[in-house]
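[1] Build me a model from this:
(one chain, ligands or ions: 2)
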Amino acid sequence: MPNVSITSACNRACSYCFARDTLTGYGADRAMTLEIFAAVLAYLQRSGINEIRLLGGEPTLHPQFAALMDMILATGLRPIVFSNGLMPPQALNRLRAIEPGRLRVMVNASALIEGEPALVDQVRQTLRLLGRRAMLGVNLHTRQPRLDRLLDTIATLDLIPRLRLGLAHPTLAGSNLSLAAKAYRQVGRNISAIARAAADRGIVLSLDCGFVPCMFAHESLPSLDVAVSDCGRRCNPLPDILPDGRAIACYPLADLGAVALDQTVTAVTIRRHFQGVLAPYAALGIFPECSACELFRDRRCLGGCRAAALRRLVPASRPFVLEAQQGWRERMRAEVPVAFACANHRMGAGRSR
Ligand code: SF4
Ligand code: SF4
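    Ligands and ions are numbered 1, 2, ... in the order given. Below is the predicted model:
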């Protein structure tokens, strides 16, 4: 389902954020207009999509957040709000006025794991007030995240009994903190270690995009929302929508360019465009050994996150300074001519600097 970034504003600064690089180009508080939002809703309905996932920055900081929620509910789309848990009271009240079954608020648990006590208290209070509207999610950017305490929080606050696990993927420029592929197997062991405790508490572990089968030692882990054997196919750029209404493949792949939403384009046509852009790199996996992997050959694993795989093209000796990032973008422009061939699609056009 597509993510729609309704504002570039954010009240946290997560080191692993893969949206910051792109959203910085919009300034500190660029908010999607109601007109563009209406066009996005029409695009989703035209595409046969029945959910809308609101992102930012922090989406509840949009100055007309309540009006946007009204527009969504009027269409019958199901809203999913991705929040860091630090919401203005008006936005929190608007969300609490919606029945739990019609809404999901995905609260990033990083503050609960890493935050100062005052921050933890604030996020816990938000969770307490949202109750069964709230589901915890965490972006894994270290080898040993403290996931066990999140199971306690879910149970104690009686939240939706699921925990969304995402891998912190790199942007193509590598400007965010991301989880190195060489750490995946250790992270897989950590997930296996809490899978039994989660199952015992009736909590499902939900795997986001980019997980790969070789992370996990067991073929069937209790409480995962996907069979381990199937998790390697979850790199399916959505696409994501920027505050100015243009579509990118996904934030880590934002440098592949942006597509304007006109009145006819659908998610299928945009996805097909980006699949064409990525096609020359289908033989590239996140590990050198992917090319010899049986799962890769028969497409049961796509070789991990495309952005992480493409990052392997960057010479290891190259320092990740701005000049090098610009060099990388130039190289991608040269290597992905499809994006330049289309009048609407420009490499780097995802930014409005
Ligand atoms: S294709 Fe690569 S990432 Fe996927 S299971 Fe095989 S070795 Fe792991
Ligand atoms: S490239 Fe694929 S796995 Fe990586 S962030 Fe995008 S959709 Fe997810």
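
[2] Find the helix or strand that residue 120 is a member of.
    According to DSSP states H and E, residue 120 maps onto helix 117-130.

[3] tell me what the longest helix that the chain contains is packed against?
    Counting residues, the longest helix found in the chain (DSSP state H) is helix 184-200. When contacts are defined as 3 or more Cβ pairs under 8 Å, 6 or more residues apart in numbering; DSSP states H and E, helix 184-200 sits against helix 148-157, strand 162-167, strand 204-207. C-betas here are computed from N, CA, C, even on glycine.

[4] Ligand 1 is nearest to which of these?
    The stretch from the helices and strands packed on helix 184-200 with the least distance to ligand 1 (Cβ to the nearest ligand atom) is strand 162-167; that distance is 11.8 Å.

[5] What lies in contact with the closest one?
    106, 135-140, 147, 150-151, 154, 179, 184, 187, 191, 198, 203-211, 225, 305 (Cβ atoms under 8 Å, 6 or more residues apart in numbering).

[6] mind redoing it with 6 Å?
    135-137, 139-140, 150, 179, 203-208, 210 (Cβ atoms under 6 Å, 6 or more residues apart in numbering).

[7] Give me whichever of the helices and strands packed on helix 184-200 is most buried.
    Most buried of these by mean neighbour count (mean count of other Cβ atoms under 10 Å) is strand 162-167; its value is a mean of 22.

[8] ok, and does it reach over to ligand 2?
    No. Strand 162-167 stays clear of ligand 2 (Cβ under 6 Å from any ligand atom), getting no nearer than 7.7 Å.

[9] Ok, stretch 177-197 next?
    No. Stretch 177-197 stays clear of ligand 2 (Cβ under 6 Å from any ligand atom), getting no nearer than 10.0 Å.

[10] can you list the residues that contact that stretch?
    Here stretch 177-197 has contacts from 15-16, 140-141, 143, 147-148, 167-170, 215-216, 221-223, 286, 308, using Cβ under 6 Å, 6+ apart.

[11] Give the buried subset of those residues as a PyMOL selection command.
    Filtering the contacts of stretch 177-197 down to the buried ones (16 or more other Cβ atoms under 10 Å) takes a single PyMOL command:
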select buried, resi 16+140+141+147+167+168+169+170+215+216+221+223+286+308
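
[12] Please identify which helix or strand holds residue 80.
    Taking DSSP H and E as the definition, residue 80 sits inside strand 78-83.

[13] residues from this protein in reach of ligand 2?
    Counting by Cβ under 6 Å from any ligand atom, the chain sits next to ligand 2 at 169, 209-210, 235, 237, 250, 252-253, 305-307.

[14] Counting neighbours, which of the residues you listed comes out on top?
    When neighbours are counted by other Cβ atoms under 10 Å, residue 252 leads the residues of the chain next to ligand 2 with 32 neighbours.

[15] That residue and residue 169 touch, don't they?
    Yes. Using Cβ atoms under 6 Å, residue 252 is in contact with residue 169, at 4.7 Å.

[16] Could you report the neighbour count for residue 179?
    24.

[17] rewinding a little: parallel or antiparallel, which strands does the strand holding residue 80 pair with?
    Paired strands of strand 78-83, with direction, are strand 51-55 (parallel), strand 104-108 (parallel) (DSSP bridges).

[18] need those strands in TSV with mean pLDDT, can you?
    Converted to TSV, these look like this (pLDDT from 0 to 100):
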stretch	mean pLDDT
strand 51-55	97
strand 104-108	98
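
[19] Single out the most deeply packed of those strands.
    Of those, strand 104-108 is the most buried (mean count of other Cβ under 10 Å), at a mean of 24.

[20] ok, residues contacting that strand?
    Here strand 104-108 has contacts from 80-85, 130, 133-137, using Cβ under 6 Å, 6+ apart.

[21] Save the strands paired with strand 78-83 as TSV, and put in distance to residue 161 too.
    Converted to TSV, the strands paired with strand 78-83 look like this (distance: least, Cβ to Cβ, whole Å):
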stretch	distance to residue 161
strand 51-55	20
strand 104-108	13
